[in-house]
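Engineer: Next input, structure requested:
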Amino acid sequence: MYCFRKSEKWRTTLFFLNIFFIINTATDLQAAEELKTTVDKTIIASLQPVIDLFAGNGWLQGFAAILVTITVASITTWILFKFLKKITTKTKMAIDDKIVILLRPPVYYTFVVTGVSYGLSLMPIAESVLHLLTQCIQSLGVIVWIIFFSRLATLLLARLAALSDKFAFIQLRTLTLFDNAAKVVIFSVGIYAIFVIWRIDMTAWLASAGIAGIAVGFAAKDTLSNLFAGVFILADAPYKVGDYIVIDRKERGKVTNIGLRSTRILTRDDVEITIPNSIIGNSTIINQSGGPHKKMRIRVHVGVAYGTDIDRVKEIMLDIAKKELLVCANPKPSVKFSVFGASSLDFELRCWVPRPELSGRVTDILNSEIYKKFEQECIEIPYTKQDLYIKGLPDSFMVGSGAKKQQNT
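Structural biologist: Take a look at the predicted model:
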């Protein structure tokens, strides 16, 4: 009975405490609301001169809106890209960091353009002037995004070309073609957007372009031929920049540039030759840098006299090739007894050089060393000789010579 009364007592106490807490909280909320109202009135009263100044001056309102927009855009862009940079630094790829760096200027410019356009609308500017300024600002925004997308396309295509084992159609040798095609599409879309901003009807332009295209096609037939040949060269990729090529077994040099109109090669004389793509498209191209690697095999032909020890000849030639630093150890050099010549036994030294441009230098070194070594070993290198045998002179020649001799006597 005592315990029951004690619990009832505690319940009554808790009930009154709850009522007191509710009343006290309501009083505090009412006091806080009254304090907030008082502070708001004080702030408004203190800022009222500034509000009245801006309310009657459109120029100040516009400049204030532009200033606030630039400030907010700077702070927002800084916070946003700092956050994105923290995310990208945690990844193993480097391409996302580059994309974030490329994305920052257009995003910032977009924020600024929005505020500037709004600020200009608050200023007391003539409608025609305001419309012209807005179009210029929007056109600059389109140009900024065109630059961003063109750089982004180049970056992504280069990444895909590096992963050529997964994307076989995009390789280093076809990268230029896809890059140019992507830029043409991006610039075309950007020009169309600028035309829309300036409210220019594209129908008349397209019709005029079609007529002009026919005229230009007839007038620039050779140029278009080079253009299409350049596209096919970039697509088919018979060679790439840095390769050593031979055109129709005549011109040999290093490819320095592959354009849509022409290809440039640098000869061993440091003379740059520009060849139209239409000519290259119809020529036989020998790519000395093609194949599974850039190594090139050279052949050194030597003839020795009949009766020479052929095993010794092979040993000397192999030893010279193995000692030369510019000759590749793999694949190994080899010597072949090629043919029985008319006056010599002909041998062929076959070896590899790291790059095609070294073929002439290594051939000179090997020829010189072989000649010196053969002289030391008394190995004869035969050469063509002609002997004239006179069996007798004609009778008329003898009679004429005798008469002439008597006359002189």
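Engineer: how far out from the middle of the chain is stretch 296-303?
Structural biologist: Distance of stretch 296-303 from the chain centroid (C-alpha atoms, centre = their mean, to the nearest Å) equals 38 Å.
Engineer: as a whole number, average confidence for it?
Structural biologist: In this model, stretch 296-303 has a mean pLDDT of 93.
Engineer: List the contacts of that stretch.
Structural biologist: With C-beta atoms under 8 Å, 6 or more residues apart in numbering as the test, stretch 296-303 has contacts from 244, 288-289, 313, 317, 338, 341, 343-353, 355-356, 358-359, 362-363, 366-367, 370, 381-382. No exception for glycine: its C-beta is placed from N, CA and C like everyone else's.
Engineer: Where helices are concerned, which of these count?
Structural biologist: Among those, DSSP state H puts Val313, Met317, Ser359, Val362, Thr363, Leu366, Asn367, Ile370 in helices.
Engineer: re the thing from before, buried only: go through the contacts of stretch 296-303 for me.
Structural biologist: The neighbour-count test (16 or more other C-beta atoms under 10 Å) marks 244, 288-289, 313, 317, 344-345, 347, 349, 351-353, 356, 358-359, 362-363, 366, 370 as buried among these.
Engineer: thought Asp123 was touching Gly62?
Structural biologist: To be clear, residue 123 is Met; Asp isn't right here. Yes: at 3.7 Å, Met123 counts as touching Gly62 under the criterion of C-beta atoms under 8 Å.
Engineer: so Gly291 sits in a helix?
Structural biologist: No: under DSSP: H, G, I helix; E, B strand; the rest coil, Gly291 falls outside any helix and is assigned coil.
Engineer: Model confidence score at it, please.
Structural biologist: 78.
Engineer: list the contacts for it?
Structural biologist: Taking C-beta under 8 Å, 6+ apart, one finds nothing in contact with Gly291.
Engineer: cool, and Ile125?
Structural biologist: Counting by C-beta under 8 Å, 6+ apart, the residues that Ile125 touches are Leu133.
Engineer: Helix or strand: which one has it?
Structural biologist: Ile125 belongs to no helix or strand when assigned by DSSP states H and E.
Engineer: any idea how far it lies from Leu67?
Structural biologist: 17 Å (C-beta to C-beta, to the nearest Å).
Engineer: what ranges do the helices span in the chain?
Structural biologist: 2-55, 58-89, 95-122, 127-162, 175-197, 202-219, 221-236, 277-281, 310-323, 359-376, 395-408.
Engineer: Please dump these into JSON lines; it should also carry mean pLDDT for every row.
Structural biologist: Listed next are these as JSON lines, based on pLDDT from 0 to 100:
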{"stretch": "helix 2-55", "mean pLDDT": "50"}
{"stretch": "helix 58-89", "mean pLDDT": "85"}
{"stretch": "helix 95-122", "mean pLDDT": "86"}
{"stretch": "helix 127-162", "mean pLDDT": "89"}
{"stretch": "helix 175-197", "mean pLDDT": "87"}
{"stretch": "helix 202-219", "mean pLDDT": "71"}
{"stretch": "helix 221-236", "mean pLDDT": "76"}
{"stretch": "helix 277-281", "mean pLDDT": "87"}
{"stretch": "helix 310-323", "mean pLDDT": "94"}
{"stretch": "helix 359-376", "mean pLDDT": "94"}
{"stretch": "helix 395-408", "mean pLDDT": "55"}
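Engineer: So which of those helices is the most surrounded?
Structural biologist: Mean neighbour count (mean count of other C-beta atoms under 10 Å) peaks for helix 277-281 among the helices of the chain, with a mean of 20.
Engineer: Run the chain-centre distance for that one.
Structural biologist: 23 Å.
Engineer: Show me what it is in contact with.
Structural biologist: Here helix 277-281 has contacts from 222, 225-227, 229-230, 232-233, 247, 259-263, using C-beta under 8 Å, 6+ apart.
Engineer: nearest to Ala329, of the helices of the chain?
Structural biologist: Nearest to Ala329, of all the helices of the chain, is helix 310-323, at 7.7 Å by C-beta to C-beta.
Engineer: Not counting its own residues, what contacts that closest one?
Structural biologist: Outside helix 310-323, the residues within contact range by C-beta under 8 Å, 6+ apart are 300, 302, 304, 327, 329, 333-335, 337, 345, 347, 349, 351, 366, 369-370, 373-374, 377, 379.
Engineer: try 7 Å
Structural biologist: 304, 327, 333, 335, 337, 345, 347, 349, 351, 366, 369-370, 373, 377, 379 (C-beta atoms under 7 Å, 6 or more residues apart in numbering).
Engineer: repeat for stretch 382-394
Structural biologist: Gly303, Ala305, Ser343, Ser344.
Engineer: Going by distance to Thr154, which of those residues wins?
Structural biologist: For these, the nearest to Thr154 is Gly303 (55.5 Å; C-beta to C-beta).
Engineer: Could you list everything the closest one pairs with in the sheet?
Structural biologist: For Gly303, the beta-bridge assignment (DSSP bridges) gives partners Asp346.
Engineer: Distance check, it against Ile87.
Structural biologist: 72 Å.
Engineer: Could you do Ile75 as well?
Structural biologist: Taken as C-beta to C-beta, the span from Ile75 to Ile87 is 19 Å.
Engineer: For Glu272, give me its contacts.
Structural biologist: So Glu272 contacts Thr256, Arg264, Leu266 (C-beta under 7 Å, 6+ apart).
Engineer: let's go with 6 Å and repeat that
Structural biologist: By C-beta atoms under 6 Å, 6 or more residues apart in numbering, the residues touching Glu272 are Arg264, Leu266.
Engineer: can you pull the pLDDT of it?
Structural biologist: Per the predicted model, pLDDT is 90 at Glu272.
Engineer: partner residues bridging it?
Structural biologist: Going by DSSP bridges, Glu272 forms beta bridges with Leu266.
Engineer: start the count at 515, not 1, going forward
Structural biologist: Done: numbering now begins at 515, and the last item shifts to Glu786.
Engineer: picking up where we left off before, now for the ones in helices among the contacts of stretch 810-817: which two are most distant?
Structural biologist: Most distant of the ones in helices among the contacts of stretch 810-817, by C-beta to C-beta, are Val827 and Ser873, 22.9 Å apart.
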